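Engineer: model this:
(one chain, ligands or ions: 1)
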Amino acid sequence: MLMDTRAGPQGRNQLVELRQAGIRRSGRWLVRGVDLSIGRGEILTLIGPNGAGKSTTAKLVTGVLRADEGTVQRAEDLRIGYVPQKLSIDWTMPLTVRRLMRLTGRLADDDLTDALSATGIAHLVEAEVRHLSGGEFQRALLARAIARKPDLLVLDEPVQGVDFAGETALYDLIRDIRKTTGCGILLISHDLHMVMAGTDTVICLNGHVCCRGTPEAVSRSEDYQRLFGGNARGLAVYSHRHDHTHLDDGRVLHGDGSITDHCHPGDGHHDHDHHQEHDHHGHDHHGHDHATPAGEGNRHA
Ligand SMILES: Nc1ncnc2c1ncn2[C@@H]1O[C@H](COP(=O)(O)OP(=O)(O)OP(=O)(O)O)[C@@H](O)[C@H]1O
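Structural biologist: As a prediction, this is how the structure comes out:
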């Protein structure tokens, strides 16, 4: 049996590297044969059906779980910021955002304020966590993860409970964090058919690695198509075109210069009305946001 090791992975910029890593519980391999590496400034997205082993793989990366097989190597003194899929919070207890930020350790006031400002919720520092909206809560978790200036961010479904417009805003924020801090990011997507724009590599998991590559390559891969069977459709990439602006009086200024009382997808003012591949699980599609099929050269990194 090979152990997790603190010896650095290959390559100066590599933060973490899994080789043929596997986790076995109750006589069953939850994941097996996982090879992956994440470097500085790199975004790796894991997709796969429920129970595919995405969270288990994230826990291997963070060291929450130790590999029963294979190796996990992390760069020396690697600092990891983790947003888990589930949090065990006692929702009957009052908990402010400030306290949430400090639940697992000391944090200087400046770092706390900087992290909340970076995620756009500095004004909510004294708010109770149970009163936050879905998007605000995810921003608070993200703030907590970035507050200690990690080298690697591990985000397990960071847009859960957030509507479509909120998702793209959060994805934009995550890309900004990558850009400004240069950290590596492991992101678990809750959506089989969408990955965040800016993703360098997608790994499609189903107990093992089915396929990997750029979003474009995975989209075209037969394994990806086969995994999702009759439900197969292309992998799309979130991107964000600010094609309209909400004016102070509530009206909407469109990219084409027209002003209307409201905006709706399909109203002819949005340049993606004509070529959007699919809507997103019936989420409120508010027109800010645009998903392009991978491989069509439309990616906005
Ligand atoms: N400690 C454990 N003991 C036994 N089985 C486990 C344990 N932890 C997870 N599993 C099982 O391992 C499999 C993979 O779980 P995991 O949470 O990694 O999947 P996932 O891809 O993140 O799923 P989802 O998209 O539903 O969150 C599941 O079948 C789960 O029931």
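Engineer: got the residues of the stretch 51-200 of the chain near the ligand?
Structural biologist: Applying Cβ under 6 Å from any ligand atom, one finds that the stretch 51-200 of the chain approaches the ligand through 51-56, 85. Where you see a C-beta, it was placed from the backbone N, CA and C, and this is true even at glycine.
Engineer: filter those residues to the buried ones?
Structural biologist: Buried residues within these, counting neighbours by 16 or more other Cβ atoms under 10 Å: 52-56.
Engineer: Please tabulate these in TSV, including the columns secondary structure.
Structural biologist: Converted to TSV, those look like this (DSSP: H, G, I helix; E, B strand; the rest coil):
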residue	secondary structure
Ala52	coil
Gly53	coil
Lys54	helix
Ser55	helix
Thr56	helix
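Engineer: ok, these vs Gln138, which is closest?
Structural biologist: In terms of Cβ to Cβ, no member of these lies closer to Gln138 than Ser55, at 16.3 Å.
Engineer: give the contact list for Val129.
Structural biologist: Contact analysis of Val129 by Cβ atoms under 8 Å, 6 or more residues apart in numbering lists 89, 95-97, 100, 137, 140.
Engineer: mind running it again at 6 Å?
Structural biologist: 95, 100 (Cβ atoms under 6 Å, 6 or more residues apart in numbering).
Engineer: per-residue confidence for it?
Structural biologist: On the pLDDT scale, Val129 is placed at 93.
Engineer: for stretch 85-98, the distance to its chain's centre please.
Structural biologist: Distance of stretch 85-98 from the chain centroid (Cα atoms, centre = their mean, to the nearest Å) equals 21 Å.
Engineer: got the contact list for that stretch?
Structural biologist: 55, 124-130, 140, 156-157.
Engineer: Low-confidence bits of this structure, can you list those?
Structural biologist: Where the chain drops to pLDDT under 70, the residues are 1-12, 228-234, 239-258, 262-301.
Engineer: Could you check how far the residue nearest in space to the middle of it is from Ala145?
Structural biologist: By Cα atoms, centre = their mean, the chain has its centre lying nearest to Leu187, at 3.9 Å. Distance from Leu187 to Ala145, counting by Cβ to Cβ, to the nearest Å: 12 Å.
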